[in-house]
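Q: Sequence plus the predicted model coming up.
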Amino acid sequence: MRCGLAILALALLLAACGGNAQPSIVTMAPSPTRTPSPSPTAIPVGAIPSPPPSATPTAQTPTTPTPGPSPTNPLAPTLSPAPATLTATSAPTRAGLSIEYFTTDTASVRPGDTVTLFWSTRGATSARIYRLDAEGERVWRWDVNTSGKLVVSTGGEDRELARFMLEAANASTSVEQPLLIPLSCPEIWYFDPPPESCPAAPAQLTTQAEQTFERGRMIWVDVQDRIYVLFEDGASPAWAQYPDEFQEGDPDRDESLVAPPGLQQPIRGFGLVWRSNPRVRDRLGWATTPEVAFEGMIQADSQEASVATTYLRTRDGAILALNALAGEWEMLPPVVAGIGE
């Protein structure tokens, strides 16, 4: 190939030297040369390549990256929250001593009825069961095994609750646990709705007498031979009670006392209490009506008069509640259960 090109060039040169021939310049076509492609530039992983300088930047909608899971410290344990469950808590113990249970198998009993007590202890060397009174004082004791059952009677005078206490002990300490058993009422009230407390005894039918005054009233109760005085002047105590000391043959009134027009002097037992107690007379004033006898009824929630609430039926059928402990009284609606009707 190279020799052919040299001969051709020599012939052309000789021809140019003859005549008027103009020189011809032969341009040899260049051999195609491979243009090396630029080597790609290495882009770090995660990097975004910059656009070429001549390119017009194109607006792109920004994307919000989705957060991945929070990094977890490989050196610390991952704690899962405990499930929301309730776990029974054992009773406090002392030096390994505890009462596992102290209970009965009945929901309620009547006063005087028997009841079975069940108990179990742990770490005890001795145990005792006490009967408690209403004030929580220990009035009876049974020495028992550290676990077992015992049949006992409730107090016939108990009301509302029968109270017991279990005491367990070892050589170094002791623990206690009370047991309160609801008592049903042995009697029923003669009116409705009844009070929350139980009656101390059945209701009694009785003859009563009632008289109204300017600022209160008097009620005589035959079965008690007692006179109740109710004041309506706002002072305290709001009521009082007196024995009926009037005897047949005693003067039934004081003729020297003259009542204002439309009013009258009380007589007999009411009059004796009214005249003998100036404070009663001043608080009540004069009588506004004559005394009226009727068939009444009485019941109380305690045999002890100083703490009892006594319920009297008035002549118009209402129920009068006399609270001795508070020194107050109130009139309940005249709804009667039907006893003695």
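A: Here it is on my side, so go on.

Q: which residues of the stretch 201-341 of the chain fall in helices?
A: 268-276, 278-284 (DSSP state H, counting those that start in this stretch).

Q: Deepest in the core, which of those helices is it.
A: helix 268-276 (a mean of 21; mean count of other C-beta atoms under 10 Å). All C-beta spots, glycine's among them, are computed from the backbone N, C-alpha and C.

Q: quick one: contacts of that helix?
A: 209, 211, 218, 220, 227, 229, 242, 244-246, 250, 252-254, 257, 265-266, 280-281, 284, 287, 291 (C-beta atoms under 8 Å, 6 or more residues apart in numbering).

Q: One more pass at 7 Å, please.
A: 211, 218, 220, 227, 229, 242, 244-246, 252-254, 265-266, 280-281, 284, 291 (C-beta atoms under 7 Å, 6 or more residues apart in numbering).

Q: Pull out the buried residues from those.
A: 211, 218, 220, 227, 229, 242, 244, 246, 265-266, 280-281, 284, 291 (16 or more other C-beta atoms under 10 Å).

Q: Using CSV, please lay out these together with pLDDT and distance to Leu132.
A: As requested, the buried ones among the contacts of helix 268-276 are arranged in CSV below (pLDDT from 0 to 100; distance: C-beta to C-beta, whole Å):
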residue, pLDDT, distance to Leu132
Gln211, 98, 46
Met218, 98, 41
Trp220, 98, 40
Ile227, 98, 38
Val229, 98, 38
Tyr242, 97, 37
Asp244, 97, 40
Phe246, 96, 45
Gln265, 97, 53
Pro266, 98, 48
Val280, 97, 42
Arg281, 97, 47
Leu284, 98, 44
Glu291, 96, 47
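
Q: Just those: which are in strands?
A: Gln211, Met218, Trp220, Ile227, Val229, Tyr242 (DSSP state E).

Q: Would you check that the fifth one makes contact with Ala238?
A: No - the pair Val229 / Ala238 is not scored as a contact, 9.9 Å apart, by C-beta atoms under 7 Å.

Q: In TSV: the helices of the stretch 201-341 of the chain, plus distance to Trp119.
A: Output for the helices of the stretch 201-341 of the chain, formatted as TSV (distance: least, C-beta to C-beta, whole Å):
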stretch	distance to Trp119
helix 268-276	56
helix 278-284	56
